[in-house]
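S.K.: Give me the fold of what follows.
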Amino acid sequence: MNLGMKRKIILFGGSFDPIHNGHTIVARFAINYIGADGLVFVPAQRSPHKRVWPEANAADRLSMIELAIGDEKAMCVSDCELKRDPPSYTIDTVRYFRDQYGPEAELYWLVGADVLKDLPRWYRIKDLLDECNLCLMLRPGFDKFQLNEFINVFGQVRVNNLKQNIIPNPLIDISSTEIRQRILTGGDVPEMVHPAVLEYIRKHGLYAKAF
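M.R.: Next up is the predicted model:
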């Protein structure tokens with residue numbers, strides 16, 4: 001996917017441990033809803049807001065994303081955060097892509113509604129809200145937004161922007177945690193992940209000593 005001359009670019013960050021069908025379904029919806037020219041998956045070494053590291057290593061997670069989006073012409077993956085020493089902050093990644101695509105590009109960062117309560121603690125969050133469109137995605141159990149409580153923290157203009165950037169995506173009740181647990185206990189996950197990703201997990205023995 002060549003985004004060099006594109007105007008609207010979505011950045012989708014996360015651990016993707018592993019990437020699952022919910023991720024790609026939401027990604028397709030966001031592209032169509034925003035009218036974006038493309039979406040970039042940005043796997044993280046480790047989220048600054050999580051104490052534990054992903055179970056799969058960076059190379060495996062990157063490979064699984066590439067397999068999951070192999071047929072998606074509007075999607076690609078970047079290893080920019082995987083090559084950066086942790087902690088890696090969202091504002092640094094947004095500025096990286098700003099340098100890549102220029103000042104004319106509109107950048108959108110997807111974030112799940114479940115992390116909304118933690119936003120005031122994000123590193124340089126006001127700069128982030130000013131430098132990209134932070135888009136709130138619905139999550140099962142997190143489909144209501146109480147954004148006015150952030151007015152004193154972010155200011156009215158930033159809160160108004162957050163309200164305008166709510167994405168009414170379909171609620172997909174799949175989680176990477178559930179997938180890992182199912183594999184660990186010998187359960188099935190074919191309906192949760194791309195067939196090529198499932199084959200990769202099997203081949204490399206990820207998430208379980210014996211698949």
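S.K.: Please make it C-alpha for all contacts and neighbour counts, starting now.
M.R.: Will do.
S.K.: if I pick P18, what's in contact with it?
M.R.: Shown in contact with P18 (CA atoms under 8 Å, 6 or more residues apart in numbering): 56, 61, 64, 176, 179-180.
S.K.: right, and the helix or strand after the helix or strand hosting I10?
M.R.: Using DSSP states H and E, I10 falls within strand 8-14. Following strand 8-14 in sequence order, the next helix or strand is helix 21-34 (DSSP H and E).
S.K.: I'd like the next helix or strand past that next one.
M.R.: With elements assigned by DSSP H and E, the helix or strand that comes after helix 21-34 is strand 38-43.
S.K.: just the CA coordinates of the very next helix or strand once past that following strand, formatted as PDB?
M.R.: Following strand 38-43 in sequence order, the next helix or strand is helix 58-68 (DSSP H and E). Taking C-alpha atoms only, helix 58-68 is exported to PDB below (Å, rounded to 0.1, in the frame of the first residue of the first chain):
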ATOM      1  CA  ALA A  58       8.000  -8.800  18.100                       C
ATOM      2  CA  ALA A  59       8.900 -10.800  15.000                       C
ATOM      3  CA  ASP A  60       6.100 -13.300  15.400                       C
ATOM      4  CA  ARG A  61       3.500 -10.600  16.000                       C
ATOM      5  CA  LEU A  62       4.700  -8.700  13.000                       C
ATOM      6  CA  SER A  63       4.500 -11.800  10.800                       C
ATOM      7  CA  MET A  64       1.000 -12.600  12.100                       C
ATOM      8  CA  ILE A  65      -0.300  -9.100  11.200                       C
ATOM      9  CA  GLU A  66       1.300  -9.400   7.700                       C
ATOM     10  CA  LEU A  67      -0.600 -12.700   7.200                       C
ATOM     11  CA  ALA A  68      -3.900 -11.400   8.500                       C
END
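S.K.: for the strand holding I10, which positions count as buried?
M.R.: Residues 8-14 are the ones in strand 8-14 that count as buried (16 or more other CA atoms under 10 Å).
S.K.: Likewise for stretch 44-61?
M.R.: For stretch 44-61, by 16+ other CA under 10 Å, it's 44-47, 54, 56, 58, 60-61.
S.K.: still on that earlier bit, quickly check the buried residues of strand 8-14 for the two that are furthest apart.
M.R.: Greatest spacing in those, by CA to CA: K8 and G14 (19.9 Å).
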